[in-house]
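1. Here is my input, please return the structure:
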Amino acid sequence: MSVGIVEESPRDGLQDESTIVPTEVKVALIEQALDAGLTRVEAVSFARPDRVPTMADAETVLAGVGRRPGVRLSGLVLNEKGLERALAAGVDEINVVVLVTETFSRRNQGLGVDEALSMWARVAA
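-> Numbering: from 1, shown residues only. Predicted coordinates for the structure are as follows:
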């Protein structure tokens, strides 16, 4: 059996902060995780910048991280537009979240569960 660890603090840990963390600080956080030996980091979210302003610099953050062999940087996408941004930015992995309760899904992503599942299928394709 093996266990995989994905460091999510650059994305999940920073996206709900009340102040916007500077791009260079985000890059440094990711670099420190890589220096510590982590090989998978969920670095950014490609959410709408007006909805999640703390992640508006996703492309710039990814461009600032020095790529290393064996390291995979991922980005969270919530729809096809986010997928386009993520692919253009050169992420190694795409993360899509489908929430299981109708209320939370609508509050968090603006989609019902069935709509989110349909979006996931389109993004996965």
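2. Could you pull out the helices in the protein for me?
-> 23-35, 58-64, 80-89, 102-109, 113-124 (DSSP state H).
3. could those be laid out in TSV, adding mean neighbour count, distance to residue 1 and mean pLDDT?
-> For the C-beta atoms, the positions are set from N, CA and C on the backbone; glycine is no exception. What follows is the helices of the chain, written out as TSV (neighbours: other Cβ atoms under 10 Å; distance: least, Cβ to Cβ, whole Å; pLDDT from 0 to 100):
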stretch	mean neighbour count	distance to residue 1	mean pLDDT
helix 23-35	17	24	97
helix 58-64	19	32	97
helix 80-89	16	30	95
helix 102-109	14	31	86
helix 113-124	15	26	88
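4. Next, the contact list for residue 15, please.
-> By Cβ atoms under 8 Å, 6 or more residues apart in numbering, residue 15 lies in contact with 45, 47, 52, 54-55.
5. if we can go back for a sec, will you turn the helices of the chain into JSON lines that also has distance to residue 4?
-> Output for these, formatted as JSON lines (distance: least, Cβ to Cβ, whole Å):
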{"stretch": "helix 23-35", "distance to residue 4": "14"}
{"stretch": "helix 58-64", "distance to residue 4": "21"}
{"stretch": "helix 80-89", "distance to residue 4": "20"}
{"stretch": "helix 102-109", "distance to residue 4": "25"}
{"stretch": "helix 113-124", "distance to residue 4": "19"}
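6. Any figure for the gap between residue 73 and residue 39?
-> 10 Å (Cβ to Cβ, to the nearest Å).
7. Name the residue in those two with the higher neighbour count.
-> In terms of neighbours (other Cβ atoms under 10 Å), residue 73 is the more surrounded of residue 73 and residue 39; the figures are 23 against 16.
8. I'd say residue 8 and residue 44 touch.
-> No: contact criterion Cβ atoms under 8 Å: residue 8 and residue 44 do not qualify, at 10.7 Å.
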